[in-house]
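Chemist: My questions are about this predicted structure, shown below with the sequence.
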Amino acid sequence: MTANDQRDDRVARCRELLLPRYAPAAGVHPPLDTPAYQSSRLRAPGQPLVPLPQRLTEITGPLLGPERVTVADADLTAGHSGEPLGERIIVSGRVLDSDGRPVPDTLIEIWQANASGRYAHQVDDHPAPLDPNFTGAGRCVTDSLGRYQFVTIKPGAYPWRNHYNAWRPAHIHFSLFGRAFTQRLITQMYFPADPLFALDPIFNSIPDPQARSRLIAAFDIELTQPDWALGYNWDIVLRGRTATVFETDES
Amino acid sequence: MGQGLTPSQTVGPFLAIGLPWADGPFVVPPDTPGSIVIEGRVLDGAGQPVPDALVETWQADPDGRFDHPDDPRGPGLAVASFRGFGRSATDPDGNYRIVTFRPGPLPCPGGGTEAPHLDVSVFARGLLDRVVTRIYFPDEAEANGGDPVLTSIADPVRIATLIAIDEADGRFRFDIRLQGDGETVFFDV
C-alpha cells in the first residue's frame, strides 16, 4: 500500500465510524467568568468558547487504573510514623454516568487540608498547625460496580483572601477521568450543613442550587464504623453516553 | 440538559499536593527515539505566568489510533509504552513540558480527516472548570487547511493560537494565553 492508498483506506473506513456521543453538560458547571471569585478575573477566558464536535480524540481517554495505585493509597491516615489529628472519616460512594451506569476501573485522585484547615503546601501560610502525620493526598480505582472508598480526616475550614473575612467551607478535592476526554472532571466534595455555604463564592458559582447540592456528601450511619470512624456517602455523576453500534471493515 | 451531573469546581492553589506524577510529562519514556517535546507557558490576562496550573494532553498514536474500546478501528501498531496521556504542572515561571510522539491524522465520522492534534485540558486556581484547547503542528499546512475544527474558526489570528511553533530538533512551543491579547482559542466539548 502506498501512503496515498493508506490515506484513502482510512478515509473510506472513516465513513463507517460510529462513535458514542456524550450528553451535554450545559448549565451544570460554573461559568468561568464569575467576578465574585477574584482569582477568575485575570484567568477566565474573555472570548466565547468554540464548539468542538465529539470525534475520536474526545470520545476516547486515558484508561488509568490499578497500575497507578496501591491499596494503601486510599488510606490518608496511614503511611506516616503516627496517626494524624482530627476526626477520622470514611468517604465512600459510586461513580456513575448520567444514564445511571457505573463507571468501573477509573482512577480517582483526592487532596485536602488537614483537620486544622492547613494544606501541606509551601504556599499555604494560614497560621494553623501542620500535622507531621498528614499529607492529604489519596488515590484509588473504582471497582466493577463503580464504587470507591477512602479513609481520611475531616478537613478544617480555612481563611482565604478573596474578600474580607472569607472562609472556605471544609472540602475534599476530587479528580476523575471516566473513560473519555469528555468526562474528565475535577471538583470538590463538601460536608452537610456547613454554615459557610451561603458565603462561599466558589460553591455558589454553580448557578443551579440543585446542582450545587450534589456536591454535598450525606452522613451515613450504615457506613459509620462503631468506635472508629464516621461515614460520609457521596456519588459522582459523569456525562452519560448514548448507546452505539460500532461498525468496522477491519477483520 | 446535564441532569444529575456533578458540577465542576476549581482545583485551587494546592493541586500540587494531589495531582502531579513523576512520570506525568512522559507520554513516552524519556529519550524514546522519535519522541518530541512540547513546551510552553501558561499566561494570565496581564501576561503574567500562571505558576499553579496543570496542563493535561490526550492524543492518538503515530498511526492515528487510540488503544481504547471506543475506537472502532482498534489499537495501532505503536509501541506499548505509549500512554497517550500527558500531565505537567507548571513551574514558578508558568512553564509546562510534555514528551511524546507526534500523533497521526484521524478519520472523521461521515468523511474528512482531522489534522494531527493533541487535546489539552488546563486546570488552575481561578478556573472554575477546566479550559480545553488543541495543539496542532506548524509543518502540517495542508492537513491543517482541511481540518474541520480549524476551518470552523473564521479569524486566522485566532487559528494561529492553536498551532505550535517549531523550535527545531523535535521541540515545539505552545503557549497558552488564558485571557486578553492573543487569547488562545478554547473549546466547548
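Modeler: Received the coordinates, thanks. Residues are numbered from 1 along each chain as shown, chains lettered A, B, ... in the order given.
Chemist: quick one, phi psi at A:Asp73?
Modeler: Backbone geometry at A:Asp73, expressed as degrees, to the nearest 10, gives phi -70, psi -20.
Chemist: now do A:Phe219
Modeler: phi -60, psi 140.
Chemist: Let me know the pLDDT of B:Val79.
Modeler: Looking at B:Val79, its pLDDT stands at 67.
Chemist: and residue 91, how many neighbours?
Modeler: Because you didn't say which chain, this covers chain A. Neighbour count of A:Val91, defined by other CB atoms under 10 Å in any protein chain shown: 28. In this view, the C-beta of every residue, glycine as well, is placed from N, C-alpha and C.
Chemist: wrong one, I was asking about chain B
Modeler: Using other CB under 10 Å, B:Asp91 is surrounded by 12 other residues.
Chemist: ok, it touching B:Asp52?
Modeler: No - using CB atoms under 8 Å as the test, B:Asp91 is too far from B:Asp52 to be in contact (10.2 Å).
Chemist: Buried ones in stretch B:144-154, by neighbour count?
Modeler: For stretch B:144-154, the neighbour count (16 or more other CB atoms under 10 Å in any protein chain shown) marks B:144, B:147, B:149-150, B:153 as buried.
Chemist: what about it, near chain A?
Modeler: Yes - applying CB under 8 Å from any CB of the partner chain, one finds stretch B:144-154 in contact with chain A at B:148-149, B:152-153.
Chemist: what's the burial count for B:His68?
Modeler: By other CB under 10 Å, 18 other residues sit near B:His68.
Chemist: what's near enough to touch it?
Modeler: Under the criterion of CB atoms under 8 Å, 6 or more residues apart in numbering or on different chains, the contact list for B:His68 reads A:60-61, A:63, A:179, B:75.
Chemist: Between all of the residues you listed, which two are separated the most?
Modeler: A:Arg179 and B:Pro75 (15.2 Å; CB to CB).
Chemist: How about residue 124, nearest residue that isn't a chain neighbour?
Modeler: No chain was given, so I picked chain A. A:Arg118 (6.0 Å; CB to CB, 6 or more residues apart in numbering or on different chains).
Chemist: The intended chain is chain B.
Modeler: Nearest one to B:Ala124, counting by CB to CB, 6+ apart, is B:Ala53 at 3.9 Å.
Chemist: show me where the stretch 101-250 of chain A has helices.
Modeler: Per DSSP state H, counting those that start in this stretch, the stretch 101-250 of chain A carries helices over the ranges A:209-213.
Chemist: and the closest residue to chain B within it, what is it in contact with?
Modeler: Of all residues in the stretch 101-250 of chain A, A:Trp111 sits closest to chain B, at 2.8 Å by CB to the nearest CB. Contact analysis of A:Trp111 by CB under 8 Å, 6+ apart lists A:136-138, A:172-173, B:14-15, B:17-19.
Chemist: Turn the residues you listed into a markdown table, columns for neighbour count, distance to A:Pro195 and pLDDT.
Modeler: What follows is the contacts of A:Trp111, written out as a markdown table (neighbours: other CB atoms under 10 Å in any protein chain shown; distance: CB to CB, whole Å; pLDDT from 0 to 100):
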| residue | neighbour count | distance to A:Pro195 | pLDDT |
| --- | --- | --- | --- |
| A:Gly136 | 24 | 23 | 98 |
| A:Ala137 | 19 | 27 | 98 |
| A:Gly138 | 26 | 26 | 98 |
| A:Ile172 | 26 | 18 | 98 |
| A:His173 | 25 | 21 | 98 |
| B:Phe14 | 22 | 23 | 97 |
| B:Leu15 | 23 | 26 | 97 |
| B:Ile17 | 19 | 26 | 97 |
| B:Gly18 | 21 | 26 | 97 |
| B:Leu19 | 21 | 29 | 98 |
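Chemist: which of those lies closest to A:Gly86?
Modeler: Closest approach between the contacts of A:Trp111 and A:Gly86, by CB to CB: A:Gly136, at 11.0 Å.
Chemist: that older thread, any idea which of the buried residues of stretch B:144-154 is closest to A:Pro129?
Modeler: B:Val149 (50.2 Å).
Chemist: Wait, the closest one touches A:Gln54, no?
Modeler: No - at 11.4 Å, B:Val149 and A:Gln54 do not qualify as touching, with contact defined as CB under 8 Å.
Chemist: for A:Ile108, which residues make a bridge with it?
Modeler: Beta-bridge partners of A:Ile108, counted by DSSP bridges, are A:Cys140, A:Leu176.
Chemist: And for it, the neighbour number?
Modeler: Neighbours of A:Ile108 (other CB under 10 Å): 22.
Chemist: How about B:Ala46?
Modeler: Neighbourhood size, B:Ala46 [other CB under 10 Å]: 10.
Chemist: Perfect, I'm done here.
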